[in-house]
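[1] the following comprises the amino acid sequence and a computationally predicted model.
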Amino acid sequence: MTSTARNLDGKAIALQIQEEIKSEVAQWSAATGKVPQLTAILVGDDPASQVYVRNKELACKRVGMGSQLIHLPSSTTTAELECLVHELNADQNTSGILVQLPLPKHIDAQRILDAIDWRKDVDAFHPYNVGLLSQGRPHFLPCTPFGVVQILYRSGIKTAGKRVCIIGRSDIVGKPLAAMLVQRNSPLGPDWANATVTLAHRQTPDLPKVTRQADILIAAIGQPEFVRAEMVRPGATVIDVGINRLGDRLVGDVDFAGVQQVASALTPVPGGVGPLTVTMLLSNTLIAARTASST
């Protein structure tokens, strides 16, 4: 049997958006004499986190933004990290602040995220930004959820009037993505909002029955190859947010080989949602720089 699903190339879409951001950064910098800067804080020596931060630094360079990495030892305390965040809040050269997660277990991550000035909170994790999003008037859009919507938008897959099922209710992906898709409008227009959204999770009874009703199925649970072909309605669009290591392979939350026989469109892992997450972080950093210059 041959593949039927259209490959939704997140890497190509990310590069397209980055070219747009690069142009906007050049225009803004020429007008203001300033350069947007993202400051990332990395605590400890987690190899995956080091890769993620390096990717963000390279992406900043590609679009003409400045980047700063502050690498702290794993012994850093909550109080010490909070003090650094307050210093960066006051630093006029820092447009956006990113604290790379996960933090060491002894650090109170919520306290640190709450300490970031909401106007520099380019991950959109601060309660103020979460509240604005829930009211449909966001200042920043969370990076991974907005990356998902960008893939749909740039692939011509509308959400208005569609049944969307999101598997996973995390504060980073599931809940904010649901909040975005149920709004009456979006920054990309009403066709990429106005969905009927089901937020499924481990307590959802008969999960395959629920997922098979979806026109658009989004997997964000961190379980390798969890979504199988029998969970997908024929012709549905499937967005795989997960990235997991399975032996020597990187795989998503979706069984790609099986689901591509059923779905009409599918994101790969790697090369799907991941590149969009970094790209939307750049977009938020530019928004933060513009906000700071107008106040």
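    Noted; the coordinates are in hand.

[2] buried residues in the lowest-mean-pLDDT helix or strand in the chain, which are they?
    Comparing every helix and strand of the chain by mean pLDDT, DSSP states H and E singles out strand 244-246 as the least confident one, with a mean of 90. Neighbour-count burial for strand 244-246, counted by 16 or more other C-beta atoms under 10 Å, picks out N244. The way it works is simple: take the backbone N, C-alpha and C, and place the C-beta from them, glycine included.

[3] low-confidence bits of this protein, can you list those?
    Counting by pLDDT under 70, the chain has low-confidence residues at 1-3.

[4] so where do the helices sit in it?
    Taking DSSP state H as the test, the helices found in the chain are 10-32, 47-63, 78-90, 109-115, 127-134, 143-154, 174-181, 207-211, 256-259, 274-293.

[5] make CSV out of those and add distance to A236.
    Converted to CSV, the helices of the chain look like this (distance: least, C-beta to C-beta, whole Å):
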stretch, distance to A236
helix 10-32, 18
helix 47-63, 30
helix 78-90, 42
helix 109-115, 34
helix 127-134, 26
helix 143-154, 13
helix 174-181, 15
helix 207-211, 9
helix 256-259, 9
helix 274-293, 20
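
[6] dump those to a markdown table, plus mean neighbour count and distance to H71.
    Converted to a markdown table, the helices of the chain look like this (neighbours: other C-beta atoms under 10 Å; distance: least, C-beta to C-beta, whole Å):
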| stretch | mean neighbour count | distance to H71 |
| --- | --- | --- |
| helix 10-32 | 16 | 25 |
| helix 47-63 | 16 | 8 |
| helix 78-90 | 15 | 12 |
| helix 109-115 | 17 | 16 |
| helix 127-134 | 17 | 26 |
| helix 143-154 | 24 | 21 |
| helix 174-181 | 23 | 28 |
| helix 207-211 | 16 | 41 |
| helix 256-259 | 18 | 35 |
| helix 274-293 | 23 | 18 |
